[in-house]
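[1] Please work out how this folds:
(one chain, ligands or ions: 2)
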Amino acid sequence: MKKKKSIKDIISYSEIKKGQLVGGILFVSLGMILSICPILVIYKVIKSLFLYGKLEQSTIQFCTYGLAAVVLSYCLTYIGGILCHKFSYVLIANLKKKILFHIGNLPLGFFTGDNKSKIRQVLGSDMNQIEGYFSHQLPNLISTLALILAMIIVMLKINLILGLTTLLIIFVGLGIQIAIMAKIIKSGGLEKNFAILDQINSATTEYVKGMPEVKIFGTGAKSFKTFSKSVGEYRDFTSSMTSMIRPGFVSFRMFILSVATFIVPVGILLMSRNNNLDFATVFIFYLILAPAISVPALKLRDFAEGMNLLNEVVLRIYEIIDQKELAIENSEEEIKGHDLEFENVSFSYGDEEVLKNISFCAKQGEVTALVGYSGAGKSTIGTLIPRFYDPSEGSIKIGGVNIKNIPMNALMERIAFVFQDSDLITDTVFNNVAMAKTGSTKEDVIKACEKARCHDFIVKLPDGYDTVLGKGTYLSGGEKQRIAVARAILKDAPILVLDEATSFADSENEYLMQEALSELVKDKTVIMIAHRLNTIEHANQILVISDGKIAERGKHEDLILADGIYKRLFDIYKKTNIWQMDIEGSENE
Ligand SMILES: Nc1ncnc2c1ncn2[C@@H]1O[C@H](COP(=O)(O)OP(=O)(O)OP(=O)(O)O)[C@@H](O)[C@H]1O
Ligand SMILES: [Mg+2]
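    Ligands and ions are numbered 1, 2, ... in the order given. Okay, here's the model as predicted:
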């Protein structure tokens, strides 16, 4: 079984030396121990006044030492705090760098749906938790334990019986608390708590995300049920947990806060045996010191809670760290041209195979079209080319070299991709297009946008090319798609993958965009995925994908003659078009 990761693994992963942390904690702990000196001074003063009726010279001297100890305690805590903070800032910087580097080497397919928000959480709030743990939680925990230990030693030294009584009460309180926590952990309570919280989170996201559909299809009450069920489950779970935890917590508080109450009867009993002033000073001292120990003892419980949260953070970070990076075996092989070859490629997202034994060669200077029913695997074939995922079997070659042996930058430079559902970044229109090619000038961007038929609507935006998208300015599906095409035009890469690149365009724009693309595709290796079969009729090679396999291949005329799936798809497409024209025609009558 795989060992559960802990915060210690995070330190080794960040490759940081622990010296500063150890030093920091040592300083903070010494500072904390010295903070009990004022209590000792009080003891000496009481003793001096009780026994001698005045402050002795040695007591006055002790008071000055006490004062010096307070100053020293302050300095040590200050230096220790700085060391711990320095350690955690360097750790966070290293950790972020390593995670970002690691993320950079993950297959692009990782950056979808849930994973995107997980990455955001790990690099944001989770890093703050780790920082807080090393800057505050851990030094506080160890120094508090050191303080409690020092107090216990002082107490035992001053009076063994009263010291042992205090210890016993603290142990009973802690024991009850630990027993209840152990029971909860054993019953899987903590895991269930986090699981239900996760469930609520995803139910909330789904509910909010699907709100338009929920309203349109009137399924409000039904879909609200999942959300309300998870909230109800959490209410029931937390109230049952509370009734389980409460007795332990109340007993713990009661024992810890009333140490002095337990000390009193024992003290009175001892007084009856040693009725002298010396013992009276000890007893008074205990009545002062005993409540003082409850504050740090109570803090211990908060640390336990903090640790549970931290474990969740570590698990989340390791979910990302454990993702397998794309293996790149740089070879010296020369990439000869840009023919793209799939050799017996099979692939599955999960258990089920989505692509089965796909083999084809898309030649440079030619258009290879992928057609087929929805869900057949066309987009999946496209995403394997820039290594969104690696095939489970077989290989993909560019210019005779396996893409696994081409450095990632070199591979990306060679491919331009227009996705079926292109997304834009929250930035200016200019930057959204210019990102395709470093050092692009305004003229280059405008030229690409003109070709992609998006220049006209861009200049009408509030700030033209400087309009920030996603902040008050939103584009339609077709407009976004045209910007994505402009990117591809600007990138001018030798391999072009177009996944339904003009599907959102209206008839006029589709015609003009196709014209621009046909100019762009010259001398390039083009993979064109399309449902509108008129756009691929003249492709050099058409591959008909059915159920993850290549069912038919050839040119349009051959495939029509073959009277198979392609012919059926084409007939349906023609019928739909005629039907559309009929409607338009009858509207015009
Ligand atoms: N990220 C993913 N994770 C898991 N399964 C996926 C993922 N993307 C696609 N699939 C599944 O893989 C299969 C092929 O999907 P793909 O998107 O390649 O089809 P397609 O031919 O492009 O369909 P369409 O014409 O509707 O775009 C489908 O069954 C789909 O459910
Ligand atoms: Mg698709």
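
[2] Please count neighbours and contacts with C-alpha atoms only from this point.
    Will do.

[3] Can you report how many residues neighbour residue 185?
    The number of residues packed near residue 185 is 13, by other Cα atoms under 10 Å.

[4] element containing it?
    helix 160-186 (DSSP states H and E).

[5] C-terminal to that helix, what's the next element?
    helix 189-209.

[6] Skipping its backbone neighbours, what lies nearest residue 540 in space?
    Distances taken as Cα to Cα, 6 or more residues apart in numbering put residue 367 closest to residue 540, at 5.4 Å, once the chain neighbours are dropped.

[7] distance of that neighbour from ligand 1?
    Counting by Cα to the nearest ligand atom, to the nearest Å, the gap from residue 367 to ligand 1 is 18 Å.

[8] correct me, but that residue touches residue 529?
    No - counting by Cα atoms under 8 Å, residue 367 does not reach residue 529; the two are 10.3 Å apart.

[9] What about contact with ligand 1: does stretch 338-349 have any residue there?
    Yes - contact between stretch 338-349 and ligand 1, assessed by Cα under 6 Å from any ligand atom, occurs at residue 349.

[10] cool, stretch 421-434 as well?
    No - legend: contact between stretch 421-434 and ligand 1 by Cα under 6 Å from any ligand atom is lacking; minimum distance shown is 9.5 Å.

[11] roughly how far is that stretch from the heart of the chain?
    The chain centroid and the centroid of stretch 421-434 are separated by 23 Å under Cα atoms, centre = their mean, to the nearest Å.

[12] in the helix holding residue 185, what counts as buried?
    161-163, 165-167, 169-170, 173-174, 176-178, 180-181, 184 (16 or more other Cα atoms under 10 Å).

[13] Stretch 354-363 now?
    Buried residues in stretch 354-363 (16+ other Cα under 10 Å): 354, 355, 356, 358, 359, 360, 362, 363.

[14] need the contact list for the residue lying closest to residue 475 once chain neighbours are set aside.
    Using Cα to Cα, 6+ apart and skipping residues adjacent in sequence, the residue nearest residue 475 is residue 469, 7.8 Å away. Taking Cα atoms under 8 Å, 6 or more residues apart in numbering, we find residue 469 in contact with 424, 425, 426, 427, 428, 429, 475.

[15] Would you mind listing what in the stretch 351-500 of the chain touches ligand 1?
    354, 373, 374, 375, 376, 377, 378, 379, 380.

[16] So which of those residues sit within strands?
    residue 354 (DSSP state E).

[17] Run the angle between the one helix or strand residue 120 maps to and helix 189-209 for me.
    Residue 120 is located in helix 113-123, with elements delineated by DSSP H and E. Per axes from the mean of the first three to the mean of the last three Cα atoms, to 10 degrees, the angle that helix 113-123 makes with helix 189-209 is 120 degrees.

[18] And helix 113-123, what does it pack against?
    Judged by 3 or more Cα pairs under 8 Å, 6 or more residues apart in numbering; DSSP states H and E, the packing partners of helix 113-123 are helix 277-321.

[19] who does the helix or strand just after the helix it packs on touch, helix- and strand-wise?
    Heading C-terminal from helix 277-321, the first helix or strand you meet, by DSSP H and E, is strand 340-348. If you count contacts as 3+ Cα pairs under 8 Å, 6+ apart, strand 340-348 packs onto strand 353-362, strand 393-398.

[20] Dump those strands to a markdown table, plus mean pLDDT.
    Formatted as a markdown table, the helices and strands packed on strand 340-348 follow (pLDDT from 0 to 100):
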| stretch | mean pLDDT |
| --- | --- |
| strand 353-362 | 94 |
| strand 393-398 | 95 |
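
[21] Format those as JSON lines; extra columns: distance to residue 254.
    Converted to JSON lines, those look like this (distance: least, Cα to Cα, whole Å):
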{"stretch": "strand 353-362", "distance to residue 254": "61"}
{"stretch": "strand 393-398", "distance to residue 254": "65"}
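
[22] List the contacts of stretch 259-268.
    Stretch 259-268 is contacted by residues 162, 165, 166, 169, 170, 283, 286, 287, 290, 291, 294 when judged by Cα under 8 Å, 6+ apart.

[23] Just give me how far that stretch sits from the chain centre.
    Mean-position distance between stretch 259-268 and its chain equals 52 Å (Cα atoms, centre = their mean).
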